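Enquirer: Mind looking at a prediction? Sequence and model below.
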Amino acid sequence: MKSILLLLMGCILLFVLTIMTGKITFAHQYKIRSKTGIQRSEYITIGKIKQYIQIRGQDSSNPVILMLHGGPGNPMAYYSYDWQAELEQDYTVIHWDQRGCGNTFYQNKTAAKPTLDLLLSDLDELVDHIRLEFQKEKVILMGHSWGTFPGAIYAGQHPEKVLACISVSQMLDFKKSEQVSAQEAVHLAYAAGRPQDAYEIEKMLEPIMKCRKFDKPEAAKLLKFRQLKEKYLPSQYSSKMLILQLFSPYMTFRNLRWMFSFGSLIAANSALYETLLADQKSTMYDYTLQYETPVIIIAGDCDWTTPYPMAVKYFNAISAPYKKFITIRNTGHIPFIDRKKEFSEALSDALCHVIHHP
């Protein structure tokens, strides 16, 4: 028994040492060393509470990209250091833990829960803060998944402050996305000779389409439904994510705690999920389709979380001074990790057109 305990303790120690070594290695590898560069994490007052932002870039005079994370409730600042490294050569990239999420949540546990209107108000304050600090007339908004929803709405409402709106894995209609991906999963389940799973997917979809309240039990049902359908869909989430998270030089106890705080995530963001489940003002088609700012949509052709065919259809429906659709082949919901070089090069090319041909 004693030898087993010693072996277990040894394994735990080895695991911790491996993680620490990885964190130190990546901290050194991705450190901003340029004299004109910026590398900073801080809390600033937005919406009368302290909210967390992370800033990285090789030259602080470069155009600014403000990244809006997915979820609601899934921060991405702490694992961004790897995939955005190439973008940092030409842009200052700012990440924000939104109200009710990650570091911002733990700093303000009793603060008002995020609603879409409150989040848009926070975003406007943050954009103004960035414009003032970095002396920019406009910022570039880049949202991922859920982040594309407030990002695109804000770009439509404030074109005077937005240089370009970039949507990665565009969220359009929460319920329709589940329906479309379920149809594909059912088709693939039948093709795999698993009619029982096909039937179960269809059965589990029905209450989700009728759902209006979003609490922990409802969230658990949605998670179980997604796990079943994703057995048949292409891989949606990169296998590299866990490594980037665990070895991140930005990983703190708060980040680690939030990764496993499913109940807190749902409770804090329930109003946002219920907005997406509502019958009105719950899809991007309920907002403007005529943008006054350039629009760039990037999607993995194997994305069924925010289905690729839906993104193509939306792109064809919108108008903008400049618009571009970028397909990242053979990847799912997180193309910037699976194909980071291809992603960065394609995005840089598109942004070059925006910046040099305003």
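Expert: Sure thing, it's come through. Residues are numbered from 1 along each chain as shown.

Enquirer: burial count for residue 48?
Expert: Look at residue 48: counted by other Cβ atoms under 10 Å, it has 10 neighbours. C-beta coordinates here come from the backbone N, C-alpha and C atoms, glycine included.

Enquirer: and the gap between it and residue 118?
Expert: From residue 48 across to residue 118, the span is 11 Å (Cβ to Cβ, to the nearest Å).

Enquirer: ok so residue 59 is a helix residue?
Expert: No: with DSSP: H, G, I helix; E, B strand; the rest coil as the criterion, residue 59 is located in coil rather than a helix.

Enquirer: Just list the residues touching it, thanks.
Expert: Counting by Cβ atoms under 8 Å, 6 or more residues apart in numbering, residue 59 touches 34, 36-37, 92.

Enquirer: hmm, try it at 10 Å
Expert: Residues near residue 59 by Cβ atoms under 10 Å, 6 or more residues apart in numbering: 32, 34-38, 88-92.

Enquirer: likewise residue 219?
Expert: Residues counted as contacts of residue 219 (Cβ under 10 Å, 6+ apart) are 211, 262-263, 265-267, 269-270, 273.

Enquirer: The residues you listed, buried ones only, as a ChimeraX selection?
Expert: Buried residues among those (16 or more other Cβ atoms under 10 Å), as a ChimeraX selection:
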select :211,265,266,267,269,270,273
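
Enquirer: So which residues of the stretch 251-358 of the chain form helices?
Expert: Ranges of helices within the stretch 251-358 of the chain are 253-259, 262-277, 308-317, 335-338, 340-356, based on DSSP state H, counting those that start in this stretch.

Enquirer: right, so those helices: which one is the most enclosed?
Expert: Most buried of the helices of the stretch 251-358 of the chain, by mean neighbour count (mean count of other Cβ atoms under 10 Å): helix 335-338, with a mean of 24.

Enquirer: helices and strands around that one, which ones?
Expert: strand 139-144, helix 241-246, strand 295-300, strand 323-328, helix 340-356 (3 or more Cβ pairs under 10 Å, 6 or more residues apart in numbering; DSSP states H and E).

Enquirer: between the ones you listed, which gets nearest to residue 9?
Expert: helix 241-246 (19.9 Å; Cβ to Cβ).

Enquirer: show me where the stretch 151-300 of the chain has strands.
Expert: 162-168, 295-300 (DSSP state E, counting those that start in this stretch).

Enquirer: hey, which of the ones you listed is tucked in deepest?
Expert: Per-stretch averages of neighbours, counted by mean count of other Cβ under 10 Å, single out strand 162-168 among those, with a mean of 26.

Enquirer: Output the below-cut-off pLDDT ranges for the protein.
Expert: 1-2, 6-7, 357-358 (pLDDT under 70).

Enquirer: Give me the next element, helix or strand, following the helix or strand encompassing residue 11.
Expert: Element membership for residue 11 (DSSP states H and E) is helix 2-29. Sequence-wise, the next helix or strand downstream of helix 2-29 (DSSP H and E) is strand 38-46.

Enquirer: quick one: strands adjacent to that next one?
Expert: Sheet pairing for strand 38-46, assigned by DSSP bridges, gives strand 49-57 (antiparallel).
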